[in-house]
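A.B. asks: Test case, fold it:
(one chain, ligands or ions: 2)
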Amino acid sequence: PLADPDPGYTGYAELVGVIDEVVAAHPDIAARSVIGRSHEGRDLLAVKISDNVDVDEDQPEVLFVHAQHAREHLTVEMAVHLMRLLTDGYGGDPRITDLVDDREIWILPNVNPDGSEYDMAGSTWRNWRKNRQPNEGSSSPGTDLNRNWAYEWGCCGGSSGNPSSITYRGPAPESAPEVRVVADFVRGRVVGGEQQITTAIDFHTYSELILWPFGHTYDDVTNGMTREEYDTHAALGEHMAEANGYTPQQSSDLYVTDGSINDWLWGDQRIVNFTYEMYPRSAAGGGFYPPSSVIERETARNEEAVLRLLDYADCPYRIIGEEA
Ligand SMILES: NS(=O)(=O)N[C@@H](Cc1ccccc1)C(=O)O
Ligand SMILES: [Zn+2]
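C.D. replies: Ligands and ions are numbered 1, 2, ... in the order given. The predicted structure is shown next:
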């Protein structure tokens, strides 16, 4: 873009370049694919990291989603950091080598490229959150991708029906092309009737939290969440929070949301999953726009926590001592 509020953050064109560079440097363990298009026609990219990367092996799969919300640019830097960590570390770090050998890792580095580009197109940040899809009958564009997922969509006062709201849920579940594309990608990982993705993290900013479902209700145990399943989420959330210093809690402990990716990944696909709210802890730390000088520190901060999730991906219930 002509102007750029902080060149230290990775725009869409630059991100595509980074992905191509990582894949070119590690062709045996990294591959990129286009899983669909955004509203404005930008490729939605997936980077797969695993040994024998071109073969769909019978291994536990782990999904990392980044930038559902446009202004949360640090999450794209988190994806770049993970791509480099898991490829540059292969062959050198035995723990990383084993995890890349025994898992199939999917990184979706930016699922809202239209919003991200819009937010950084000027000389100052635009504080944009949603996608850039027009809303019929309204001069306010944008659907909040994290209210547009199909599980309990719009059920519980955790989103807005007003197109001008930043938490606008859209006119229907999966009405946002970006949500439809990612949901179709996840549904496509059901092989032989079994969802191959066992665990996932959806990265956001800010507040330094690790959140788990459900978001649509204050109840821990409820329809679609047994005590064991809740305890597995809580124990794994706490285990990861020990590594990065974030605060672990159920999503609804903060506020009720409906149509979130967390609820759909678990409620519809039974994927044990978490939302990470990254740095800073508060607006005082820069809110959605911390200086790019914090990128290295605040992405590296999550390395151990992410490796712990990859470790438990073969059987998340192991964390509570169950086979399940
Ligand atoms: N990134 S954020 O500030 O928008 N928070 C996210 C994630 C989230 C969801 C539920 C409770 C707390 C946080 C959201 O969709 O609201
Ligand atoms: Zn967010």
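A.B. asks: before we move on, what SS does the closest residue to ligand 2 within the stretch 51-200 of the chain have?
C.D. replies: Residue of the stretch 51-200 of the chain nearest ligand 2, by C-beta to the ion: His69 (3.5 Å). Yep, even glycine has a C-beta here, placed from its N, CA and C like the rest. Per DSSP: H, G, I helix; E, B strand; the rest coil, the secondary structure class of His69 is coil.
A.B. asks: Wait, it touches His204, no?
C.D. replies: Yes - counting by C-beta atoms under 8 Å, His204 is a contact partner of His69 at 6.1 Å.
A.B. asks: Common neighbours of the two, please.
C.D. replies: Jointly contacting His69 and His204 under the rule C-beta atoms under 8 Å, 6 or more residues apart in numbering are Thr75, Asn146.
A.B. asks: Now the residue of the stretch 51-200 of the chain closest to ligand 2. Nearest residue, chain neighbours left out?
C.D. replies: In this structure, His69 finds its nearest non-sequential neighbour in Arg129, 4.9 Å apart by C-beta to C-beta, 6 or more residues apart in numbering.
A.B. asks: which residues does that neighbour contact?
C.D. replies: Neighbouring residues of Arg129 by C-beta under 8 Å, 6+ apart: His69, Ala70, Arg71, Gly115, Gly142, Asp144, Ile166.
A.B. asks: Then Asn112?
C.D. replies: Asn112 makes contact with Ser38, Ala67, Gln68, His69, Ala70, Asn131, Leu145, Glu178, according to C-beta under 8 Å, 6+ apart.
A.B. asks: ok, back up a step: what's the residue of the stretch 51-200 of the chain closest to ligand 2 in contact with, if anything?
C.D. replies: Thr75, Asn112, Gly115, Arg129, Lys130, Asp144, Leu145, Asn146, His204, Thr205.
A.B. asks: Please report how far it lies from ligand 1.
C.D. replies: Separation of His69 from ligand 1 (C-beta to the nearest ligand atom, to the nearest Å): 5 Å.
A.B. asks: Over to the residue in the stretch 51-200 of the chain that ligand 1 sits nearest to. Which of the three states is it?
C.D. replies: As assessed by C-beta to the nearest ligand atom, ligand 1 sits closest to Asn146 within the stretch 51-200 of the chain, at 3.7 Å. Here Asn146 is recorded as helix under three-state DSSP.
A.B. asks: now swap in Ala172 and tell me
C.D. replies: Quick answer, by three-state DSSP: Ala172 is coil.
A.B. asks: list the contacts for it?
C.D. replies: Taking C-beta under 8 Å, 6+ apart, we find Ala172 in contact with Trp153.
A.B. asks: Fine by me, thanks again.
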